[in-house]
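Visitor: model this:
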Amino acid sequence: MMGSEENTAERCALSSTHRHLPPEGVGMSSMPTAARRLKEILGLETEPVAVFLLPPGQANPAFDSFGKVVGHRYCQLLMRARHGASLRLEPAELACPAASAAFGFKPLPEGLATGKGLVGFGIVAEASTGKAIFDGMPSLPSGSVGGIAVCPLSAAPAPPDVVVVEGPPESLMWLVLADLNMAGGRRRRADTAVLQATCVDATIIPHVEQRMNFSLGCYGCREATDLGSNETVLGFPGSALGGLVAALEQLNAKAIGRSRAKAAFNHLKGKKEQT
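Guide: Take a look at the predicted model:
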């Protein structure tokens, strides 16, 4: 699934060094405040989602109160969490075969691996294109994750592995700009195949590469969830939460309000109306 075994090992080694570190500058006591400010500054109508990739074979009492779900796609799990639910899902209950392969739960079915399945969905014209998409799709090693738990960020019982945010592009733009500030002005990079936008683009890439990644969505999440045509998705490592909220506070002091006021546009509109 990854480009090579070496890349897989390298990415997983990077992941393990960052996993379960407390969010930078955010202790558990201030997690609800950080989540609230993230939602307020961005103007989100739904909740940022905390994602936990649970280790296999270990008890996770922090998530005992989370509702168990059956027959859900990963994007549907996120949809319910951004509307307030706290849920957990075991590998056998992940209903999307592409996401199951990406999380290392099951091998990719032959129909998808050959690319023929994407031709059948009308997503690509040639099976070779579909095969290339899946050949280059980042994934986690088989058996490395024992389950997935999700909840609103404000209700997270522990530091999340990843935070996924779904909302209007204008709102998410400010989050990307906050990330650019944290990176000292280095250009931000989006990595997507316009397929598996929530599981791979917004969760696995941020987790493995320990960086923000953003996407325009995909066929699957738009067909299977309430993600609107005026919304999209991004994800970032939970360890970046504190820095991102601090950068958003700085942007909110001036830039966000000025941009949303549209003074330059309204001035031009007024001039046109006078002519």
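
Visitor: from here on, just use CA atoms for contacts and neighbour counts.
Guide: Will do.

Visitor: which strands or helices does the helix or strand V245 falls within pack on?
Guide: In the assignment (DSSP states H and E), V245 maps to helix 241-252. In this structure, helix 241-252 packs against helix 31-42, helix 169-182, with contacts taken as 3 or more C-alpha pairs under 8 Å, 6 or more residues apart in numbering; DSSP states H and E.

Visitor: which residues sit against the last one?
Guide: Surrounding helix 169-182, the residues in contact under the criterion C-alpha atoms under 8 Å, 6 or more residues apart in numbering are 42-44, 165-166, 186-188, 212, 230-234, 243-245, 247-248, 251, 256.

Visitor: which among those count as buried?
Guide: Buried members of these, counted by 16 or more other C-alpha atoms under 10 Å: 42, 44, 165-166, 212, 231-234, 243-245, 247-248, 251, 256.

Visitor: farthest pair in those residues?
Guide: Farthest pair in the buried ones among the contacts of helix 169-182 (C-alpha to C-alpha) is E231 and G243. Separation: 24.1 Å.

Visitor: low-confidence ranges, the stretch 1-150 of the chain, go.
Guide: Applying pLDDT under 70 to the stretch 1-150 of the chain flags the ranges 1-27, 29.

Visitor: wait, what's in contact with A247?
Guide: 178-179, 181-182.

Visitor: kindly give a single ChimeraX line that selects the buried subset of those.
Guide: Of the contacts of A247, the buried ones go into a single ChimeraX selection, burial set by 16+ other C-alpha under 10 Å:
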select :178,179,181
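
Visitor: just the helices in the stretch 1-150 of the chain please.
Guide: 5-18, 31-42, 74-82, 97-102, 110-113, 116-120, 127-135 (DSSP state H, counting those that start in this stretch).

Visitor: export those helices to a markdown table and append columns for distance to L268.
Guide: Putting the helices of the stretch 1-150 of the chain into a markdown table (distance: least, C-alpha to C-alpha, whole Å) gives the following:
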| stretch | distance to L268 |
| --- | --- |
| helix 5-18 | 49 |
| helix 31-42 | 26 |
| helix 74-82 | 38 |
| helix 97-102 | 47 |
| helix 110-113 | 51 |
| helix 116-120 | 46 |
| helix 127-135 | 45 |
